[in-house]
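# Any chance you could fold what I've pasted below:
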Amino acid sequence: MNRIYVDHAATTPVSEKAFAAMLPYFRESFGNPSALHSYGQEAKKAIESGRRAVARAIGAASSEIYFTSGGTESDNWAIHSACEMKRDRGRHIIGTAIEHNAVLRTLEKLQQRGYTVTLLRPDARGRVTADRLEAAIRADTVLISVMLANNVVGTVLPIEALCGVAHRHGILFHTDAVQAVGHIPVDVRKLGVDLLSLSAHKFHGPKGAGALFSKLPRLPLPYITGGGQEKGGRSGTENVAGIVGMAAALTECVDGLSERMRYLAGLRDRLIERTLQIPGAYLTGDPVERLPGHASFLFDGIGHSARLIAMLNEAGICASAGAACSASATEASHVLESLGYDAARNQSALRISLSTCNTEAEIDAISDRLPLFIAQLRRK
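As a prediction, this is how the structure comes out:
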């Protein structure tokens, strides 16, 4: 049975270019980048080349890129460092109720250390306005963290406007851009952010590789102590192959971004149009300001969507309800609840996230089966 994979918001296959770029660093150029001999210097050169490539892709300087194990570590490092840097100003942080758990759980930890956290509730489409952010700011606010694109409903948030509000008050701004980088244009100068997190496996790079952009003069909190790698901020022998693969994948995505976005938006809109013909089907997230390859739905009368996911899987269609890292805990619920959906409708979520690997024929195959499966579930 040919499988159709439409869960690219969870993870993506490594691209051919990224895979080919990585291969030499597993065997031929396997050196430790801290070593002074030729093997080590080859690896070091590859890391710095990767740093420049990642920086170019998001409009940063290479000195502003720090390599990590992925988005979760980058979020943690950014938030803790910002709070440490501004500890003399106060202990108040603003986030949103729809953040990824990598941010929400970090904020919970900081609350245990005496910080106060305000989580803004978005509107029904998953957006947060500059006015609402302005109203939440206090004299002791030290950090604002708002994601660039939501992983569950696909809404792209107005980070440039929100960041402008933060900076008018002298407050640091972090954005979790894990779902956005490689999928929509991301320019850190245009956005104005101080800190930004990204993860390679969301844009056809390898798992276990990510980066933190920081324009702060220094990252005051060494996140992992040891040998002093990453300018003393994150010790440990670098994941050379992962960094090389991430740089290659991101370069490939950004170089063809406009064409990719047009292609994916076409598939997405075809899927949305056909799915909304099902009675009792609803699109979640913003219908316009959303990721080009992201469609998310709720269906009345089907019960928990785990049954729908299972039926799709039996038909060879691999989709999801929400965030893969919390699928067993119904991650979708905290996002959809924040958007105002009741518990029964909340549980019926289906997320379909696309890449250029997908075809119009696959979209039609999904669209043909969905009404049948929905009808079956409503009869049970």
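# Now G95, what are its backbone angles?
Per-residue torsions, G95: phi -130, psi -160 (degrees, to the nearest 10).
# V146 is in contact with that one, correct?
Yes: counting by Cβ atoms under 8 Å, V146 is a contact partner of G95 at 6.9 Å. Just so you know, the C-beta spots here come from the backbone N, C-alpha and C atoms, and that holds for glycine as well.
# Now do the shared contacts for those two.
In the contact map built from Cβ atoms under 8 Å, 6 or more residues apart in numbering, the residues linked to both G95 and V146 are L120.
# Model confidence for A321, exactly?
With respect to pLDDT, A321 scores 89.
# And it, how close does it get to I374?
14 Å (Cβ to Cβ, to the nearest Å).
# again, but for V54
From V54 to I374 the distance is 42 Å (Cβ to Cβ).
# how's this structure carved up into domains?
4-12+257-379, 16-255 (automatic domain parsing).
# Make JSON lines from the ones you listed and add mean neighbour count to it.
As requested, these are exported to JSON lines (neighbours: other Cβ atoms under 10 Å):
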{"stretch": "domain 4-12+257-379", "mean neighbour count": "18"}
{"stretch": "domain 16-255", "mean neighbour count": "20"}
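# Following element in sequence after the helix or strand that contains V54, please.
Using DSSP states H and E, V54 sits in helix 38-58. As assigned by DSSP H and E, the chain's next helix or strand after helix 38-58 is strand 65-68.
# and the next helix-or-strand element following that following strand, what's its mean pLDDT?
Using DSSP H and E, the helix or strand that follows strand 65-68 in sequence is helix 71-85. The average pLDDT within helix 71-85 is 95.
# all strands for the stretch 201-350 of the chain, in order.
Residue ranges of the strands in the stretch 201-350 of the chain, as given by DSSP state E, counting those that start in this stretch, are 210-214, 281-283, 294-299, 317-318, 350-353.
# quick one, which of the ones you listed is nearest to L133?
Closest to L133 of the strands of the stretch 201-350 of the chain is strand 210-214 (Cβ to Cβ; 21.1 Å).
# So I47 sits against N239, correct?
No: contact between I47 and N239 fails when scored by Cβ under 8 Å: they sit 9.3 Å apart.
# got any residues that touch both of those two?
F67.
# Do a quick rundown of the helices in this structure.
16-22, 38-58, 71-85, 101-112, 130-136, 159-168, 188-191, 240-255, 257-275, 306-314, 332-338, 343-346, 360-379 (DSSP state H).
# any idea of the mean pLDDT in the second one?
It stands for helix 38-58. 96.
# Can you tell me what sits against that helix?
25, 29-35, 60-62, 64-65, 67, 181-182, 186-188, 196, 198, 211, 213, 238, 240, 243-244, 246-248, 250-251, 253-254.
# For stretch 212-220, which outside residues touch it?
Outside stretch 212-220, the residues that touch it by Cβ under 8 Å, 6+ apart are 58, 60, 64-66, 68, 74, 77-78, 81-82, 84-85, 172, 188, 193-198, 231, 233.
# now do 6 Å
If you take Cβ atoms under 6 Å, 6 or more residues apart in numbering as the criterion, stretch 212-220 is touched by 60, 64, 66, 68, 74, 77-78, 81, 84-85, 188, 194-197, 233.
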